[in-house]
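Participant: can't give you the sequence, but here's the structure:
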């Protein structure tokens, strides 16, 4: 009951996978990597560190991929981590203590960091993520912003994990394009309605106000302004894509 399987989804993560796995080694009894057709050295590096690598196409469904990872785990506890995230040494110690006790779904404060850019509010403010819980009864839903479904009561850990969100602006905008497309496709599949006036004209303004003023982006100076404006365009772009998905099918 005191063993932990670390679960990682990858695709071309050779720059991240070594540090990610090594950050979990103080508590991991096994590391399982589900690889979506990497064309770099991700698989070689992961296997050289003792990880079990399984090959499976993501097919745009993050929830199904993570659920598959859960099914492969051999430990009582499972721990989700992305390749661009790291466990702090303090968190590793806390996890080791946590798995000695009762069954809970443990949430962890994640500190988001943009390489060479300082921002701790707004879009990059710390957030809590559900990452450690017993395997039994746990699965994941969602194409883009997936949700861990687990029967265990929530409990928060005190120590942080670190999320290295982007290395550069090119990567940032590539992800913006990718995730707005995935969000639009997810909304279309769910038959979510879209209004040009409400969702494309007004909703992005609210997204900007929320990030820049309510979530404190203004406190991050120039970076806070840039990231909040980009969040405006992120919100607008995903609804523009949804609008024209419907329009191309003659539904608008």
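Facilitator: Looks like it arrived, so ask away. Note that the coordinates shown come from a computational prediction; the quantities given were computed from them, not determined experimentally.

Participant: Show the residue spans covered by the strands in the chain.
Facilitator: With DSSP state E as the criterion, the chain has strands at 4-10, 30-35, 52-55, 77-80, 85-87, 105-114, 127-134, 139-141, 147-149, 154-156, 161-166.

Participant: which one of those strands lies closest to residue 185?
Facilitator: Nearest to residue 185 among the strands of the chain is strand 139-141; the distance by Cβ to Cβ comes to 15.7 Å. In short, each C-beta sits where N, CA and C put it, glycine included.

Participant: And that closest one, what does it pack against?
Facilitator: helix 62-72, strand 147-149 (3 or more Cβ pairs under 8 Å, 6 or more residues apart in numbering; DSSP states H and E).

Participant: got TSV for the strands of the chain, with mean neighbour count, distance to residue 215 and mean pLDDT too?
Facilitator: Listed next are those as TSV, based on neighbours: other Cβ atoms under 10 Å; distance: least, Cβ to Cβ, whole Å; pLDDT from 0 to 100:
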stretch	mean neighbour count	distance to residue 215	mean pLDDT
strand 4-10	24	27	98
strand 30-35	22	32	98
strand 52-55	14	38	98
strand 77-80	24	24	98
strand 85-87	24	21	97
strand 105-114	19	12	93
strand 127-134	19	10	96
strand 139-141	17	26	94
strand 147-149	16	21	94
strand 154-156	12	20	98
strand 161-166	19	16	89
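
Participant: for the helices and strands packed on strand 139-141, which one ends up most surrounded?
Facilitator: helix 62-72 (a mean of 18; mean count of other Cβ atoms under 10 Å).

Participant: Could you give the average pLDDT over it?
Facilitator: Mean per-residue pLDDT for helix 62-72: 96.

Participant: and the direction of it versus that of strand 30-35, what angle?
Facilitator: Helix 62-72 runs at 140 degrees relative to strand 30-35, counting by axes from the mean of the first three to the mean of the last three Cα atoms, to 10 degrees.

Participant: Helix 62-72 vs strand 4-10, what angle?
Facilitator: 140 degrees.

Participant: Nearest to residue 207, out of the strands of the chain?
Facilitator: The nearest among these, by Cβ to Cβ, is strand 127-134 at 16.1 Å.

Participant: That closest one pairs with which strands, parallel or anti?
Facilitator: strand 77-80 (antiparallel), strand 105-114 (antiparallel) (DSSP bridges).

Participant: Show residues contacting the shortest one.
Facilitator: Translated: strand 77-80. The contact list for strand 77-80 (Cβ atoms under 8 Å, 6 or more residues apart in numbering) reads 2-7, 24, 27-28, 66, 69-70, 95, 99, 130-135, 138, 148.

Participant: Try it again at 7 Å.
Facilitator: 3-7, 66, 70, 99, 131-135, 138 (Cβ atoms under 7 Å, 6 or more residues apart in numbering).

Participant: got the end-to-end distance for stretch 53-66?
Facilitator: 14 Å (Cα to Cα, to the nearest Å).

Participant: can you list the residues that contact that stretch?
Facilitator: 7, 9, 11, 32-37, 43, 46-47, 68, 72, 80, 140-144, 146, 182.

Participant: how much distance is there from stretch 60-70 to the middle of the chain?
Facilitator: From the chain centre to the centre of stretch 60-70 is a distance of 12 Å (Cα atoms, centre = their mean, to the nearest Å).

Participant: next one: stretch 239-248
Facilitator: With Cα atoms, centre = their mean as the basis, the mean position of stretch 239-248 lies at 25 Å from the chain mean.

Participant: Please point out which parts of that stretch sit buried.
Facilitator: Residues of stretch 239-248 classed as buried: 239, 240, 241, 242, 243, 245, 246 (neighbour count, 16 or more other Cβ atoms under 10 Å).

Participant: and those as a markdown table, adding distance to residue 188 and pLDDT?
Facilitator: Below are those laid out as a markdown table (distance: Cβ to Cβ, whole Å; pLDDT from 0 to 100):
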| residue | distance to residue 188 | pLDDT |
| --- | --- | --- |
| 239 | 11 | 96 |
| 240 | 13 | 96 |
| 241 | 9 | 95 |
| 242 | 6 | 94 |
| 243 | 10 | 93 |
| 245 | 5 | 89 |
| 246 | 7 | 88 |
